[in-house]
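Colleague: Provided below for reference: sequence and predicted model.
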Amino acid sequence: MNEMQVYKKLEQHPHILRMYHSGMTKEGLPYFATEIVQPVGYDLDKLKNQYKFAGLSVPLHLMARIINQLADALNHMHSESLIHRDLKIQNVLVNEDYHAKHGHLRSLRHN
C-alpha cells in the first residue's frame, strides 16, 4: 500500500516509473500496473556488465547523463518529502534510448 501511495505522489516524472493503475484483489491484496521499460529487465547493472563483457567501460558521457537523470528523480522525491533508503544499480532501469527510470519505490519513506 505504501508503494502505491508513493507512486501516486510521484507520478508524471520522466525518470520515475509510472503507475497506470492500482487497486485491490477480491482477497484484499493490493496490486498495481506500471509502465514497461524496454528492453524488459535491463537495469544499470546489466548495462555495466554489457560494456565489461566487451572489454570496455561505460562511456563517461553516458554515465554522466544517467547520474544526472537519477539526481533529478531524487530531487523530485525530496521535494515531495520522500527519502530513498535503498538506492542501488539494480533499482535503476535503462530503456533502449539509455534513459534512466527509477523503478523500486518500496524503500521510500516520508521525512
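Modeller: Arrived safely. What you are looking at is a predicted structure, and each value in this text was computed from that prediction instead of being measured. Residues are numbered from 1 along each chain as shown.

Colleague: Identify the residues contacting Ile72.
Modeller: No, residue 72 isn't Ile; it's Asp. With contacts taken as Cβ atoms under 8 Å, 6 or more residues apart in numbering, Asp72 has the following neighbours: 13-15. Heads up, the C-betas are built off the backbone N, CA and C, glycines and all.

Colleague: What residues sit buried inside the helix or strand it falls within?
Modeller: Asp72 belongs to helix 60-79 when elements are defined using DSSP states H and E. Along helix 60-79, these residues count as buried under the neighbour rule (16 or more other Cβ atoms under 10 Å): 66, 69-70, 72-74, 76-77.

Colleague: how about those residues in CSV, adding pLDDT?
Modeller: Compiled in CSV, those are given as follows (pLDDT from 0 to 100):
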residue, pLDDT
Ile66, 94
Gln69, 95
Leu70, 93
Asp72, 95
Ala73, 91
Leu74, 90
His76, 90
Met77, 88
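
Colleague: right, and out of the residues you listed, which lies closest to Lys9?
Modeller: The shortest approach to Lys9 among these belongs to Met77, at 9.0 Å (Cβ to Cβ).

Colleague: Fine by me, thanks again.
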